[in-house]
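Trainee: show me the folded form of this:
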Amino acid sequence: MGVLYIVGTVTGILSVVLYSPILNDPDYLTRVSANANQIVIGALFVLTMGLALAMVPVMMFPIFRKHNEALALGYVVFRGALETVTYIALVISRLLLILVSQEYVAAGAPDAPYFQTLGALLLKGHDSISSILIIVFSLGALILYYLFYQSKLIPRWISGWGFFAIILHLATGFLAMFAHIGPFSTISIVMNLPIGVQEMVMAVWLIVKGFNPSVIASKSPHVE
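Mentor: Residues are numbered from 1 along each chain as shown. Modelled structure (predicted):
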């Protein structure tokens with residue numbers, strides 16, 4: 001599970017590194033067309049991130065159901081199903097942007113405003129999906145950290161840290177949705193830093209220490 005968190009985080013960061021210089025350029029449509037392969041690789045990183053993180057609730061369901069089956073199922077729905085759908089939507093929006101950029105370059109100046117409008121709509125749509133993803137991710141994470149805190153599978157200071165940090169992350173989703181902050185603004189980065197650090201600490205803990213063995217043993221069926 002810890003490895004999946006690290007894979008998801010690393011591929012997510014790599015996707016931003018690939019996307020940002022191109023999409024932040026004023027003439028982003030021309031740059032997208034000229035760097036289509038870079039956009040595709042970034043989209044594949046996003047898809048890898050989504051699939052890696054979607055595997056976490058699937059792996060955790062048999063363990064969490066012993067503590068709270070309803071919340072364990074809710075965790076699978078939010079972090080397994082809904083979050084995966086939003087990642088796929090993000091990938092589709094990026095691939096559509098490539099098509100629009102190629103048509104923009106091919107059309108030339110007379111039809112450029114039409115394709116610029118389409119490109120702007122795709123960027124706005126991507127930002128809206130990103131805000132939805134933050135909300136879905138955060139609601140699933142709230143379930144995760146509550147279950148961790150309740151079950152004591154990991155130290156409570158880690159799950160408590162995650163619970164409060166994810167509330168800050170959730171707030172950035174609503175603030176971005178109502179256009180109060182940008183996705184990469186200083187405020188957004190500062191508010192997201194606690195959950196980013198917490199998830200890496202938790203990932204390392206899970207790799208090195210694993211789950212509390214006494215809790216696992218207490219929930220295992222006893223053979224007479």
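Trainee: please count neighbours and contacts with C-alpha atoms only from this point.
Mentor: OK.
Trainee: buried sites along the helix or strand containing Gly50?
Mentor: Gly50 belongs to helix 36-64 when elements are defined using DSSP states H and E. By neighbour count with 16 or more other CA atoms under 10 Å, helix 36-64 contains the buried residues 36, 38-40, 42-58, 61, 63-64.
Trainee: this protein: helices as residue ranges?
Mentor: Read by DSSP state H, the chain holds these helices, from start to end of the chain: 2-23, 28-34, 36-64, 69-75, 83-107, 112-151, 156-177, 186-208, 213-218.
Trainee: please state the offset of the second one from the chain centre?
Mentor: On the basis of CA atoms, centre = their mean, to the nearest Å, the separation between the geometric centre of helix 28-34 and that of its chain is 25 Å.
Trainee: which other residues reach that helix?
Mentor: Contact with helix 28-34 is made by 22-23, 25, 39, 97-98, 100-102, 104-105, 116, 119, as judged by CA atoms under 8 Å, 6 or more residues apart in numbering.
Trainee: still on that earlier bit, give me the average confidence score over the helix holding Gly50.
Mentor: In this model, helix 36-64 carries a mean pLDDT of 93.
Trainee: what helices and strands are in contact with that helix?
Mentor: The elements that helix 36-64 packs onto, with contact taken as 3 or more CA pairs under 8 Å, 6 or more residues apart in numbering; DSSP states H and E, are helix 2-23, helix 69-75, helix 83-107.
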